[in-house]
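> How does the following fold in three dimensions:
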Amino acid sequence: MEKEIEKAIETLRNGGVILYPTDTIWGLGCDASNEEAVQKIYAIKKRSDSKSLIVLIDHDQKLGRYVKHIPDAAWDIIDHSAKPTTLILDGAYNMAPSVIAEDGSIGIRVCEMEFCQKLIRRLNKPLVSTSANISGEKSAPNFQEISAEIKKQVDYIVDLPKYYKPTGKASSIIKLDQHQNVSVIRK
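Just a heads-up that it's a prediction; the model follows:
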């Protein structure tokens with residue numbers, strides 16, 4: 001695992017895009033604070049940059065580094081979610097502009113997978129996590145079903161078959177605003 005982390009970190013620090021396993025599905029990732037790298041992901045996915053991206057962090061205590069408004073309900077959801085859950089929170093900052101939605105919010109998830117936690121901790125920045133598919137196409141439930149077109153366009157493919165058993169299911173998404181309003185976007 002350490003060798004893969006080192007190679008992925010080198011790629012990310014050089015503004016590259018990785019194809020990597022997350023706690024949900026295989027994703028395209030980059031340093032969420034590097035605008036040029038984020039634009040590469042939009043180009044690979046053939047997706048408009050008006051659609052924001054999800055980012056991963058390694059620990060809930062780092063939320064305040066990237067989000068100005070953390071409603072009390074966010075802590076309860078993080079503590080009690082039975083499956084990976086992405087929170088959409090207002091007041092995003094310290095990230096590339098095109099990662100942040102037009103309304104100033106960000107989709108952010110505390111990743112529980114050991115590889116991702118170590119990668120994010122060593123990078124010391126949030127990591128973009130978006131499904132490894134062309135926009136509008138079905139997400140690949142496993143590595144073998146990711147299109148060759150996607151695989152050819154990334155700068156590095158993380159090789160961790162021993163450590164990763166894909167669930168093939170995307171995270172739940174819950175939107176919380178500063179007034180404690182809760183909306184379930186995806187179960």
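> From now on I want contacts and neighbour counts done on CA atoms only, so please keep to that.
Fine.
> Residue 82 in helix, strand or coil?
Put simply, residue 82 is coil when judged by DSSP: H, G, I helix; E, B strand; the rest coil.
> Which positions are bridged to the residue nearest the centre of the chain in the beta structure?
Centroid-nearest residue in the chain, with CA atoms, centre = their mean: residue 129, separated by 2.3 Å. Taking DSSP bridges as the rule, residue 129 bridges to residue 54.
> Per-residue pLDDT of it, please?
If you check residue 129, the pLDDT there is 92.
> With residue 113 instead?
88.
> what does residue 163 give?
Confidence score, pLDDT, at residue 163: 56.
> Strand partners (parallel or antiparallel) of the worst-scoring helix or strand of the chain on mean pLDDT?
The least trusted helix or strand in the chain, going by mean pLDDT, DSSP states H and E, turns out to be strand 182-186, with a mean of 78. Counting by DSSP bridges, the strands paired with strand 182-186 are strand 172-176 (antiparallel).
> Give me the mean pLDDT for the strand it pairs with.
The predicted model assigns strand 172-176 a mean pLDDT of 85.
> cool, stretch 18-28 as well?
Summarised as a single mean, pLDDT over stretch 18-28 is 90.
> If we ignore the residues flanking it in sequence, what's nearest residue 140?
Closest residue to residue 140 apart from its sequence neighbours, by CA to CA, 6 or more residues apart in numbering: residue 146 at 5.4 Å.
> count of residues packed around residue 170?
Neighbours of residue 170 under the rule other CA atoms under 10 Å: 21.
> and the nearest residue in space to it that is not next to it in sequence, how many neighbours?
Leaving aside its sequence neighbours, residue 170 sits nearest to residue 24 (CA to CA, 6+ apart; 5.4 Å). Neighbourhood size, residue 24 [other CA under 10 Å]: 22.
> Assess the claim that residue 24 and residue 171 are in contact.
Yes: between residue 24 and residue 171 there is a contact under CA atoms under 8 Å: 6.3 Å.
> Okay, strands next: where are they in the protein?
18-21, 26-29, 54-57, 85-89, 106-110, 127-131, 156-157, 172-176, 182-186 (DSSP state E).
> returning to that earlier point: spell out which residues are contacts of both of residue 24 and residue 171.
Here residue 24 and residue 171 have residue 84 as joint contacts, going by CA atoms under 8 Å, 6 or more residues apart in numbering.
> quick revisit: so who does the residue nearest to the centre of the chain touch?
By CA under 8 Å, 6+ apart, the contact set of residue 129 is 22, 27, 28, 29, 30, 53, 54, 55, 56.
> ok, now which ones touch the last one?
Applying CA under 8 Å, 6+ apart, we find residue 56 in contact with 108, 109, 110, 111, 120, 126, 127, 128, 129.
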